[in-house]
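>>> here are the coordinates; sequence isn't available:
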């Protein structure tokens, strides 16, 4: 039974990876021979296939969680599933749902090729570069911290000036930190369930292993800082926490919790880590829900709080809400995928598909609690 499920999972991931190339951009000349324009010409079919694949992904996710809870999956099985997921999705097209990875490359190119300050010079100000002609944020300066700019030099130089090679160099870079985060979750929890919850979560897998978003770097460094605090390595913990802030500034929301843990560590007091991760998840959720004040809620922003939620999986209500929110967030792509526009009713439909799934479980929870009190009288 288990081997058959794994076979179907491999087949599914392979189909998902192939499907990702229907979103191929014609400007990537190295792949022009497989460009079909399918996602633009066949929007209804593309939307149907995407919705179906996301639903199937969550079905597999639910199966693996159930098998883990029932103790039908061991550590070796988890490692095998994670390796399968990483190896197959690595070959997916990274600009399937987001152009952010191209923006990372563009910022690196401004810094390391043109030797300009990406916080001052916008890509659009450099004429004649083919990369800047089809990225979606050419009119913006760098949005991320200086440590992020610095470390992107590694995958940028490994790309040797070739766009396709650079794209997959960035994916290798992201994949390494994805695996590192999964490893830290296992080291912190000593439990394979949080590892399954994190590593096989469809939103995290798609937004990290497919789209290559840099949020995984920020979270890896935060978790590493907490892990080092557990080991009483205060100096290194502060260094990596600060590095996380210098990747993406959302980590600033965790400063109260981090300072509290530092204070408790200095006092050599006992620390309730479940509470630390609980409050960390709430603070990062606060950052997530405040993000529309800057621009809008993007699906990959859920990576800010999901790892903390998975570390306290005994908080069932928070866990269910988070999983259903990750389900809804992947459907934020559907209104644009179907209509081809970000205007009109698209923002409204984005909000509906995002918040209806978690709202259902929340209403059910309230209903159950309310009627439970009535019947107990």
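Arrived safely. The structure presented is a predicted model; accordingly, all values stated were derived computationally and were not measured. Numbers count the residues shown, from 1 in each chain.

>>> residues making contact with stretch 359-368?
Residues from elsewhere that reach stretch 359-368, judged by CB atoms under 8 Å, 6 or more residues apart in numbering: 317, 320-321, 324. C-beta: built from backbone N, CA, C; applies to glycine.

>>> pLDDT on that stretch, on average?
The predicted model assigns stretch 359-368 a mean pLDDT of 71.

>>> Ok, stretch 39-49 next?
Within the predicted structure, the mean pLDDT of stretch 39-49 is 88.

>>> mind listing what's buried in that stretch?
Neighbour counts using 16 or more other CB atoms under 10 Å place 39, 46-47, 49 of stretch 39-49 among the buried residues.

>>> what sits up against the helix or strand harbouring residue 278?
Secondary structure assignment for residue 278, by DSSP states H and E: helix 273-290. Under the criterion CB under 8 Å, 6+ apart, residues 188, 226, 230, 250, 253-254, 256-257, 260-261, 297, 301-302, 304-305, 308-309, 311-312, 314-315, 318, 322 lie in contact with helix 273-290.

>>> Show me the residues you listed that map onto helices.
188, 226, 230, 256-257, 260-261, 308-309, 311, 318, 322 (DSSP state H).

>>> Of those, which is the nearest to residue 328?
Using CB to CB, residue 322 comes nearest to residue 328 of the ones in helices among the contacts of helix 273-290, at 10.8 Å.

>>> ok, the nearest residue to that closest one once chain neighbours are set aside - how many residues close by?
With CB to CB, 6 or more residues apart in numbering as the criterion, residue 322 has its nearest non-adjacent residue at 4.5 Å, and that residue is residue 309. Counted with other CB atoms under 10 Å, the burial measure for residue 309 works out to 28 neighbours.

>>> Could you give me the PyMOL syntax to select whichever of the contacts of helix 273-290 are buried?
Below is the selection syntax for PyMOL that covers the buried ones among those, with 16+ other CB under 10 Å defining burial:
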select buried, resi 188+226+250+253+254+257+261+297+301+302+304+305+308+309+311+312+315+318+322
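
>>> Grab the nearest non-local neighbour of residue 5.
Ranked by CB to CB, 6+ apart and with sequence neighbours excluded, the top spatial neighbour of residue 5 is residue 63, at 6.2 Å.

>>> Pull out the buried residues from stretch 218-238.
Buried positions in stretch 218-238, judged by neighbour count with 16+ other CB under 10 Å: 218-229, 237.

>>> pLDDT below threshold where in this structure?
Under the criterion pLDDT under 70, the flagged ranges of the chain are 1, 29, 35, 133-138, 366-377.

>>> Tabulate the contacts of stretch 359-368 (a markdown table), appending neighbour count.
Conversion of the contacts of stretch 359-368 to a markdown table gives the following (neighbours: other CB atoms under 10 Å):
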| residue | neighbour count |
| --- | --- |
| 317 | 11 |
| 320 | 16 |
| 321 | 19 |
| 324 | 19 |
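
>>> biggest separation within those residues, which pair?
For those, the maximum inter-member distance is 10.9 Å, found between 317 and 324 (CB to CB).

>>> what about residue 118, is that helix, strand or coil?
coil (DSSP: H, G, I helix; E, B strand; the rest coil).

>>> From residue 118, how far out is residue 150?
Here the distance between residue 150 and residue 118 works out to 11 Å (CB to CB, to the nearest Å).

>>> Could you do residue 258 as well?
Counting by CB to CB, the separation of residue 258 from residue 118 is 28 Å.

>>> Please apply the same query to residue 349.
In this view, residue 349 and residue 118 are 34 Å apart by CB to CB.

>>> Among those two, which residue is more densely surrounded?
Higher neighbour count among residue 349 and residue 118: residue 118, with 23 against 17, using other CB under 10 Å.

>>> any idea how far residue 149 is from that one?
The value you get for residue 118 to residue 149, if CB to CB is used, is 6 Å.

>>> Mutual contacts of those two, please.
Between them, residue 118 and residue 149 have 107, 111, 142 as joint contacts when contacts are counted by CB under 8 Å, 6+ apart.

>>> From residue 148, how far off is the second one?
This means residue 111. With CB to CB as the criterion, residue 111 and residue 148 are 11 Å apart.

>>> Touching both of those two, which residues are there?
Residues touching both residue 111 and residue 148 do not exist when contact is defined as CB under 8 Å, 6+ apart.

>>> Of the buried residues of stretch 218-238, which pair is most distant in space?
The two members of the buried residues of stretch 218-238 with the most space between them (CB to CB) are 218 and 229, at 17.1 Å.

>>> now residue 269: how far from residue 238?
Distance, residue 269 to residue 238, using CB to CB: 18 Å.
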